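> This is a predicted model, with the sequence first.
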Amino acid sequence: MLRRGKDRVAVRDDLDVDRSAVEQARRDPGAFETLYRKYVAQVYSFALYETRDPHAAEDITAQVFLRALAGLPRFHEQTDGPDSSFRVWLFQIARNALSNERRRARRHPASPIELALEFPALDDVSSAATHRLEMERVWTVIDQLPAERRRALVLRFVNELSTREIGDILGRTEGATRVLIHRSLQQVARELGRHRSSAVAARSRAAN
């Protein structure tokens, strides 16, 4: 209970910092750099996991912050309902920018660029290779999920947003977002289980 109370205080403090930074940026656009520095890595990470293309992610990140700066006078945080914080608003802009990019890509298809996955080095070379392969399979499965399920997992486990923030970004209630994340994880687990069962059966046939 004490830990949860501290977490709530930390969240409130963080929101207060953002509110102050937003007000400063409204008075002086040059002060927007504070918000940019705080969130650029998160927005870029989200765009990178969605596009798998570093150059496209950089372009989208730039678009997001340009739109946020231009729209800052119209941004108003909701305090009488689900939080619509600056971070949630920023990721809503990112979601829309990614949707626009997908529509553009469908009109002008291009070859996908594979993104190399990076993991902490392990002492055992064999274990490191196995770990890398497993994570590649996980993200292959996640990539094949319906768009909203994939996006929910990326926002939760890559960007570490709360379920309330993700719900605000996706236009769902906090409870519905928890269900979405839970079902998405179940689907990933089922697909990985099928893959492992197929691999075991293949090895058994080869041995016989």
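All right, it came through fine. Residues are numbered from 1 along each chain as shown.

> Q42 versus the most centrally placed residue in the chain, what's the distance?
Nearest to the geometric centre of the chain sits L155, at 3.0 Å (Cα atoms, centre = their mean). Using Cβ to Cβ, to the nearest Å, L155 is found at 10 Å from Q42. Backbone N, C-alpha and C define where each C-beta goes, glycine included.

> what ranges of the protein fall below the confidence cut-off?
1-13, 78-83, 105-134, 196-208 (pLDDT under 70).

> mind giving me the domain ranges of it?
Annotated domains of the chain cover 1-114, 116-208 [automatic domain parsing].

> so how far is the first one off the chain centroid?
Taking the mean C-alpha point of domain 1-114 and that of its whole chain, the gap between them comes to 11 Å (Cα atoms, centre = their mean, to the nearest Å).

> And the closest residue to A56 other than its chain neighbours, which helix or strand is it part of?
Distances taken as Cβ to Cβ, 6 or more residues apart in numbering place E101 nearest to A56, at 6.7 Å, with adjacent residues excluded. Using DSSP states H and E, E101 falls within helix 86-107.

> With T61 instead?
Per DSSP H and E: helix 54-71 holds T61.

> same for that helix, what does it pack against?
Here helix 54-71 touches helix 33-51, helix 86-107, going by 3 or more Cβ pairs under 8 Å, 6 or more residues apart in numbering; DSSP states H and E.

> Could you check the angle that helix makes with helix 86-107?
Angle, helix 54-71 to helix 86-107, by axes from the mean of the first three to the mean of the last three Cα atoms, to 10 degrees: 130 degrees.

> buried set for helix 54-71?
Taking 16 or more other Cβ atoms under 10 Å as the basis for neighbour counts, the residues of helix 54-71 that come out buried are A56, A57, I60, T61, Q63, V64, F65, A68.

> In CSV, list those residues along with distance to R137.
Formatted as CSV, the buried residues of helix 54-71 follow (distance: Cβ to Cβ, whole Å):
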residue, distance to R137
A56, 24
A57, 23
I60, 26
T61, 28
Q63, 32
V64, 30
F65, 34
A68, 35
